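Asks: Predicted structure and sequence below. I'll ask about it afterward.
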Amino acid sequence: MAELNRRNIHDVANAFHFSTVEKILTLVMASGLRQTFRPLGALAEELMTRFQREDAAYKLSQKNFTSDDIKDIDKTRDKYAQFIKSVLTAYTYLPESESGLIRQARELLQVFKDYKWRDDEALLAETAKLDNMLQEWDQEQKAAVLQAMGLTPYVEALRTANAQVKGFISDRQGEQALIIRGELREARAAVDEKLQEMLRYIDALNITSPSDDLTDLILKINEAFRYMDAQIAAGKKNGSTSSGSNGNSGNNGSNEGGTTVISNEDTIEGME
């Protein structure tokens, strides 16, 4: 008879929590014991339902659903802004006989200087600056000059791209406030509650109805916990402070050795 490790994982980082619960749930769902002992099957089904909720909240908390879109459209708007700036700069090199155009180009270029626009700024800062620059260019006289220079289509394309970035940022901030601090925390707590209930039932079965199949399941569950703890320990050894029993952690990501490194925001404590 094997002794079940009923490890409580409420305080480990989200990535470790998610992967460990997924392993244990997969083990139980694949076991014939789920059919032999109907209460175990019911507990596993309920845990699956709660885990799916955690899965959805966790994916949203990672912001993967918008990050690539933001990156792509940010590059696009930077290209439009750089093109407008390059054309206006080219106009300033016209012969002196075109002094009127040179002066107008410089006035339009001054908008870039006034707002100290750069294409490597933080999204929020660049988006706000471009909003202000576009308002400047909307002034009747400046808009007429841009039209004469053939730049109006590029200004409008920049406006559209900037609006898209604002939309993505708004969505992402909304998800963070609503999902990370609410849904994910609640989903994790619900999973922890049902996981512990299922482990208590398996522990009871180990006393009342021991079997080789049950011993095999217990050993595999223990291995899932052991692997999780080894990953956490490896992260600390490699210089990170991935969340262990105290919930403290380092930077979110993965190092070259394959050990997940999790930030404090990736723990239940980090969601407070």
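Replies: Thanks, I have it.
Asks: And residue 157, how close does it get to residue 76?
Replies: Residue 157 sits 8 Å away from residue 76, going by CB to CB, to the nearest Å. Where C-beta positions appear, they are placed from N, C-alpha and C, glycine not excepted.
Asks: For residue 118, which three-state class applies?
Replies: Secondary structure assignment for residue 118 (DSSP: H, G, I helix; E, B strand; the rest coil): coil.
Asks: Pretty sure it sits against residue 112.
Replies: No. With contacts counted by CB atoms under 8 Å, residue 118 stays clear of residue 112, the gap being 9.4 Å.
Asks: Give me the more crowded residue out of those two.
Replies: The residue with more neighbours, out of residue 118 and residue 112, is residue 112; 19 against 12, by other CB atoms under 10 Å.
Asks: Name the helix or strand for that one, please.
Replies: Assessed by DSSP states H and E, residue 112 sits inside helix 99-114.
Asks: Now the spatially closest residue to residue 192 that is not a sequence neighbour: phi and psi?
Replies: Computed as CB to CB, 6 or more residues apart in numbering, the closest residue to residue 192 that is not its neighbour in sequence is residue 10, at 4.6 Å. Main-chain dihedrals, residue 10, degrees, to the nearest 10: phi -70, psi -20.
Asks: With residue 8 instead?
Replies: Dihedral pair for residue 8: phi -90, psi 120, per degrees, to the nearest 10.
Asks: Next one: it relative to residue 187, how far apart?
Replies: The value you get for residue 8 to residue 187, if CB to CB is used, is 17 Å.
Asks: quick one, which of the two is more surrounded?
Replies: residue 187 (21 against 11).
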